[in-house]
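Chemist: Here's a sequence, model it:
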Amino acid sequence: MWERTLQDLIRGLRANKNDESKFIGHAMDEIRREIKSKDMELKAGAVMKLTYLDMLGYDMSWASFHIVEVMSSPKIHIKSVGYLGAVQSFNEDTDVLMLTTNLLKKDLSSTPADVAVTLNGVSSIMTADLARDLNPELVGMLNHSRPHIRKRAVAAMYRVFQKYPDALRHGIGRLQEKLEDPDPGVVCATVNVLCELARRDPQDYLPLAPQLFHLLTTSSNNWMLIKIVKLFGSLSPHEPRLVKKLQPPITDLISTTSAISLLYECVHTCIIGNMLQGTTGDSLARMCVSKLAAFIEDPDQNLKYIALLAMVKIVPTHPHLVAEHQDTILSSVDDEDISIRMRALDLLSALVNRDNLQSIVQQVLSHLVKPESSAIPSAVQSLSQHIIPSAPAKSPGAPSQSTAYRLVLSQRIMTMCSQNTYDNVIDFEWYLSVLVDLAYVSNVDIGTQIRDQLADVVGRVRAARSYAVKLMVKVLSDDTFLLHAGEQGSCSEVLWAAAWICGEYCGELSAPDELIPYLLQPEIASLRPDITAVCIQSATKLFGYWASEAAKQWTESFLEDLKKAVDIMIEQMEQFASSTQIEVQERAANILQLLIFIKRDVAMYKPKQENGFSDLSAAAFDPVLEPSFPKSLYLIQPLFSSHELNPVASIAQASVPVPDGLDLDMWIVPSMQDRVAEEGDDGDVTERKIRRNKKGKGKESANRMKVKSGKKKQKEDHYREELAPQEEETAEEKAERERLKAERLERMRDDPYYIMDDQSQKPPAEDVDSIPVVRLDGPLPLPGIFLSTHMNMADALAEEPRLPGLRSSASIRSTPPSFVVERGGEMPAGVVITPQPSTPVPSSRRQTPNPFDVTVTPPPPLPSFQSYEVPDDELRTSTPESIKVTRAKKKGTSTAKKKRTVKPEMKAGDEGTVVIH
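Modeler: Residues are numbered from 1 along each chain as shown. Down below sits the predicted model:
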């Protein structure tokens with residue numbers, strides 16, 4: 001064959017690209033013949049070709065024995081081919097490795113050339129058995145007269161220590177001697193091995209610190225210095241005295257070296273080795289941060305990446321030093337490399353505190369704003385661009401237009417603001433504005449998170465509710481989210497939060513009835529069912545609050561406006577009552593019935609006539625007289641305002657004590673336990689039923705059809721048995737049947753999934769005279785427009801006639817609001833709260849003495865993305881009484897009863913379940 005050599009095989013592969021598999025098949029047949037030859041030169045050539053094919057993915061494990069034969073050749077060039085094939089194909093499962101022990105020992109005691117080839121190969125094919133058997137020979141090679149043999153032996157010893165850890169006891173001392181070897185290559189190899197070994201258990205290598213420190217201060221080999229610095233980074237956390245000793249040489253290396261790799265390793269070792277603490281550590285930390293900041297400005301992307309990665313580790317101890325380079329870090333947020341952008345965001349998230357939160361968020365938020373589209377070019381400009389083509393100008397915000405990256409930016413903004421329950425936020429009105437800005441400019445699916453944040457902030461911070469209601473009114477009056485609700489990244493979920501906030505805190509509005517048309521407009525039906533349902537519920541809350549307020553200041557002139565308002569509400573609810581979504585339909589149908597009741601009550605209402613009272617105020621408070629307004633005006637409002645909705649502690653349900661005498665592992669229905677035990681097999685119940693049905697029956701006729709196989713035939717026979725006419729039962733059978741029936745009824749009475757009818761089976765006599773007669777017909781008001789004459793929208797909010805405003809304030813707020821964040825949440829009554837261990841935070845980042853009361857002065861507004869301008873409003877002075885939240889009893893998985901401490905004043909009724917959503 002013409003492909004005798006490896007070169008011929010490679011040429012053949014290149015010439016047969018269209019039919020490579022066929023060529024490889026012929027080549028493998030030839031190699032199989034050559035490798036069985038007694039000619040070692042021909043056998044070595046076959047091994048070389050097999051090694052090349054193995055690199056291409058073809059298996060050569062079948063030739064392992066022939067490779068050992070080539071390794072045993074006395075000729076160095078053939079032996080090298082054998083070891084190359086062994087390195088390429090042998091592994092720990094190779095059977096012939098047990099045959100190579102004596103061969104390897106023989107080669108290690110041969111000529112220096114054979115020893116070098118053997119050491120190169122044995123490092124790759126080392127197993128636990130070979131490491132145990134070759135350990136004495138390899139330790140002896142550490143004192144070889146030739147430096148390149150000693151260097152290879154040191155590298156081979158690392159594989160011995162990996163596969164046979166017992167060799168460390170005898171070999172580590174000999175390895176330590178190589179740190180003073182006269183050859184720098186041997187010393188460098190020894191340092192490499194020690195650096196890798198120290199990763200697993202650094203404490204065992206602390207005795208080597210003096211020798212390593214000597215090498216650190218005397219060596220000029222940058223690669224060896226990198227390994228020594230890495231090794232000290234592993235040893236320093238276990239020996240605090242090393243920190244003070246290493247600071248001078250590390251500082252000298254950082255300030256003098258020109259090798260970037262060595263400089264970074266020194267900085268990284270200072271970070272992980274706790275060398276940045278104390279007075280001397282502060283100066284070293286400042287030097288490290290300045291060097292890393294220079295890396296960030298370097299055009300090399302690799303330097304930028306490792307610098308950002310290292311700065312994240314410095315922030316916990318020296319945030320003020322990293323904050324000095326905030327602008328440099330922010331410039332990396334729009335880098336072309338996505339990995340650099342992500343590391344920059346990680347660094348900003350770690351860097352944020354109460355002082356720089358607003359500036360960082362505003363700058364990150366600016367990256368989400370799409371660049372304004374340029375004006376349409378003129379005809380002359382278009383022609384000039386075609387004649388003289390030029391590269392288009394790169395938009396500064398181009399990297400931020402990626403959907404995935406914009407999503408990460410949006411999530412990081414909310415994470416930075418909400419971490420530690422809004423510990424870094426000092427102005428919650430500003431944060432509410434940021435959330436609304438984020439909904440407008442993000443263009444990604446972040447609406448659900450924004451919705452949750454809005455609801456959480458308003459629920460926890462009472463002082464921000466007035467501003468939040470005003471802001472949500474603007475969101476509802478803007479049709480941007482409504483028009484783009486079906487598009488990707490429309491953030492239409494913000495409408496859910498806006499409707500819920502306006503409905504829950506409608507008392508902050510001066511004209512709540514003017515917001516109802518925005519919540520019940522026909523376009524709301526095109527939104528998601530959960531958003532539509534919340535809009536319907538909030539509109540009902542607004543109507544109920546408006547009706548109750550109208551009752552408090554009732555005059556006869558309000559009657560016509562009330563009739564028109566109810567008519568419009570009914571008309572708008574009817575369109576939602578026919579929705580295909582069950583949640584929307586059910587809410588609308590229930591509310592529609594309440595509105596119809598109010599409509600009939602208002603229609604039957606007649607104004608009070610003058611009754612000759614001399615003192616009208618006394619008559620107004622007479623409890624015997626009927627009220628001067630329709631009673632149904634107070635029908636809806638108490639349904640939603642009986643209790644205030646407050647945040648609940650995350651451990652509230654888990655903290656409810658288990659009452660004494662309650663066994664959570666006991667069966668609620670004891671008889672069900674027996675039924676489960678009896679019905680271990682599904683077929684048992686059916687068989688018992690069949691036997692019971694057959695009891696008392698006569699013999700079936702001999703002409704019955706033969707039973708066929710299959711489930712269908714079995715069911716037909718079962719049905720035929722049940723429908724067959726039965727003979728008269730005897731007294732004993734009747735008594736047995738009554739007994740079984742009584743047992744079944746008793747069992748069903750204890751079954752929580754079966755509703756029992758405790759009334760008598762005999763229907764009572766109908767008493768027609770006792771049926772009440774209710775007059776359902778009556779005069780109905782004519783439909784009109786939804787307009788309030790006594791609460792005009794223009795009078796309520798003169799600056800913005802389209803929007804309902806907040807309650808008017810006689811005095812303008814002269815001091816900034818005091819924001820108090822309810823971080824803990826409510827707990828059930830009678831629960832003893834055990835303080836949870838908290839992670840200490842550096843004093844430089846926490847300046848709030850009380851973790852629950854945050855009273856600060858907001859900073860001046862920033863030039864970009866300012867807070868929405870709203871008029872100062874009077875805050876609510878009264879707060880409803882706090883509610884009590886307990887959790888429902890749940891089955892436990894443990895057999896032991898939970899013992900908790902309960903306050904003595906806890907009443908028995910407190911153990912009930914009160915769930916408030």
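Chemist: use CA for all of it now, contacts and neighbours both
Modeler: OK.
Chemist: Let me see the ranges of the strands in the stretch 251-400 of the chain.
Modeler: Per DSSP state E, counting those that start in this stretch, the stretch 251-400 of the chain carries no strands over any range.
Chemist: repeat for the chain
Modeler: Applying DSSP state E to the chain gives no strands.
Chemist: Any stretches of it with poor pLDDT?
Modeler: For the chain, the stretches with pLDDT under 70 are 1-3, 371-400, 608-626, 671-728, 750-817, 830, 832-917.
Chemist: redo that, cut-off 50
Modeler: 1-3, 373-375, 378, 380-386, 388-397, 611-624, 681-726, 759-814, 838-917 (pLDDT under 50).
Chemist: Alpha carbons only: can I get the lengthiest helix in it in CSV?
Modeler: In the chain, with assignment by DSSP state H, the single longest helix is helix 529-552. Output of helix 529-552 as CSV, limited to C-alpha atoms (Å, rounded to 0.1, in the frame of the first residue of the first chain):
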residue,chain,number,x,y,z
PRO,A,529,-57.9,38.8,33.4
ASP,A,530,-56.1,39.5,36.7
ILE,A,531,-55.7,43.2,35.8
THR,A,532,-59.3,43.6,34.7
ALA,A,533,-60.5,42.0,37.9
VAL,A,534,-58.5,44.4,40.0
CYS,A,535,-59.8,47.3,38.0
ILE,A,536,-63.4,46.2,38.6
GLN,A,537,-62.7,45.7,42.3
SER,A,538,-61.0,49.1,42.7
ALA,A,539,-63.8,50.9,40.9
THR,A,540,-66.2,49.3,43.4
LYS,A,541,-64.1,50.5,46.3
LEU,A,542,-64.0,54.0,44.8
PHE,A,543,-67.7,54.1,44.3
GLY,A,544,-68.4,52.8,47.8
TYR,A,545,-66.1,55.4,49.4
TRP,A,546,-67.6,58.2,47.2
ALA,A,547,-71.2,57.0,48.2
SER,A,548,-70.3,57.0,51.9
GLU,A,549,-68.8,60.4,51.7
ALA,A,550,-71.9,61.7,49.9
ALA,A,551,-74.1,60.3,52.7
LYS,A,552,-72.1,62.3,55.3
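Chemist: Which elements pack onto that helix?
Modeler: helix 494-504, helix 516-519, helix 582-603, helix 637-641 (3 or more Cα pairs under 8 Å, 6 or more residues apart in numbering; DSSP states H and E).
Chemist: Need the winner for burial among the ones you listed.
Modeler: Mean neighbours per residue, mean count of other Cα atoms under 10 Å, is largest over these for helix 494-504, with a mean of 25.
Chemist: helices and strands around that one, which ones?
Modeler: Checking 3+ Cα pairs under 8 Å, 6+ apart, helix 494-504 ends up next to helix 447-460, helix 465-477, helix 529-552.
Chemist: Show residues contacting the first one.
Modeler: Contacts to helix 447-460, defined as Cα atoms under 8 Å, 6 or more residues apart in numbering, come from residues 428, 432, 435, 439, 464-465, 468, 489-494, 496-497, 501, 645-647, 820-823.
Chemist: redo that, cut-off 6 Å
Modeler: 465, 491, 493, 494, 497, 821, 822 (Cα atoms under 6 Å, 6 or more residues apart in numbering).
Chemist: and if you look at the last one?
Modeler: The set of residues that contact helix 529-552 without belonging to it, under Cα under 6 Å, 6+ apart, is 496, 499, 503, 512, 516, 519, 524, 584, 633, 634, 636, 637.
Chemist: Tell me who's in contact with the last one.
Modeler: The reference is to residue 637. Counting by Cα under 6 Å, 6+ apart, residue 637 has contacts 544, 545.
Chemist: swap the cut-off to 10 Å and go again
Modeler: 540, 541, 542, 543, 544, 545, 546, 547, 548, 549 (Cα atoms under 10 Å, 6 or more residues apart in numbering).
Chemist: And residue 171, by the same measure?
Modeler: Counting by Cα under 10 Å, 6+ apart, residue 171 has contacts 135, 136, 138, 139, 142, 157, 160, 161.
Chemist: Mind putting those into CSV with distance to residue 65?
Modeler: Below are the contacts of residue 171 laid out as CSV (distance: Cα to Cα, whole Å):
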residue, distance to residue 65
135, 24
136, 26
138, 25
139, 28
142, 31
157, 26
160, 24
161, 27
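Chemist: Just the buried residues of the residues you listed.
Modeler: Buried subset of these (neighbour count, 16 or more other Cα atoms under 10 Å): 135, 138, 139, 142, 157, 160, 161.
Chemist: Residue 175 is in contact with the last one, correct?
Modeler: When you say that, I think you mean residue 161. No - proximity of residue 161 to residue 175 does not meet the contact threshold set by Cα atoms under 10 Å, at 11.3 Å.
Chemist: list residues touching both of the two?
Modeler: 168, 193.
Chemist: Between the helices and strands packed on helix 494-504, which one is closest to residue 590.
Modeler: helix 529-552 (10.5 Å; Cα to Cα).
Chemist: If you compare the directions of that closest one and helix 494-504, what angle comes out?
Modeler: Using axes from the mean of the first three to the mean of the last three Cα atoms, to 10 degrees, the direction of helix 529-552 lies 20 degrees away from that of helix 494-504.
Chemist: in helix 529-552, what's buried?
Modeler: For helix 529-552, by 16+ other Cα under 10 Å, it's 529, 531-548, 550-551.
Chemist: now swap in stretch 473-490 and tell me
Modeler: Those would be 473, 474, 475, 476, 477, 481, 482, 485, 489, 490, for stretch 473-490 by 16+ other Cα under 10 Å.
Chemist: end-to-end on stretch 457-469?
Modeler: 12 Å (Cα to Cα, to the nearest Å).
Chemist: Equivalent analysis for stretch 479-493, please.
Modeler: End to end - Cα to Cα - stretch 479-493 spans 13 Å.
Chemist: Residue 747: neighbour count?
Modeler: 16 (other Cα atoms under 10 Å).
Chemist: quick one: it and residue 502, what's the gap?
Modeler: 51 Å.
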